[in-house]
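*Asks:* Model the structure of this input:
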Amino acid sequence: MKKTKINITVVKEDIGYSANTTVENNFIATDGNTFDELKSNILEAVNLAFEVKGFIYRIDEIKFSYDLESFFDFYKVINAKALSERIGMNQSLLAQYIKGNKKPSIIQTKRILQGVHQIGKELSEVNFLL
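*Replies:* Below is the predicted model of the structure:
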């Protein structure tokens, strides 16, 4: 039997993070104060849910969907100012989206995601001189 694909939603809360998904009529939810704690709790919750099937998941087998606030909190290496310039978005507006003060439209969210994907693509193609 093939493992079920897991796509879990992560949201920044007032204190820490929450994560949830519904897979094969199983609602799986957990939280954590830090991203590392959350990942550990997600792995424990998912593996507990699929224990009867004998499946053991690794964290790299779980796909994450983030709200903007969580994403930029987890990936602090991404400079919001540089990203706003790259995608042609007002820096202040992007900062408000990231802080959760404003909710971006679907079009704006796709625009931000496209910029992040482009950066990821460029980084994956980088080579260093040895």
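*Asks:* Could I get the full set of helices for this protein?
*Replies:* With DSSP state H, the ranges of helices along the chain come out as 35-49, 68-74, 80-87, 91-99, 106-124.
*Asks:* Who are the packing partners of the last one?
*Replies:* When contacts are defined as 3 or more Cβ pairs under 8 Å, 6 or more residues apart in numbering; DSSP states H and E, helix 106-124 packs onto helix 68-74, helix 80-87, helix 91-99. Bear in mind the C-beta positions are built from the backbone N, C-alpha and C, glycine included.
*Asks:* And Val52, how far from Leu68?
*Replies:* Taking Cβ to Cβ, to the nearest Å as the measure, Val52 falls 36 Å from Leu68.
*Asks:* More neighbours: which of these two?
*Replies:* Taking other Cβ atoms under 10 Å, Val52 and Leu68 do not tie; Leu68 has more neighbours (22 against 7).
*Asks:* dump the residue contacts of the more buried one.
*Replies:* Applying Cβ atoms under 8 Å, 6 or more residues apart in numbering, we find Leu68 in contact with Tyr97, Ile98, Gly100, Pro104, Thr109, Ile112.
*Asks:* Could you do Lys81 as well?
*Replies:* Lys81 neighbours (Cβ under 8 Å, 6+ apart): Gln91.
*Asks:* so which of the helices of the chain comes closest to Glu61?
*Replies:* helix 35-49 (8.9 Å; Cβ to Cβ).
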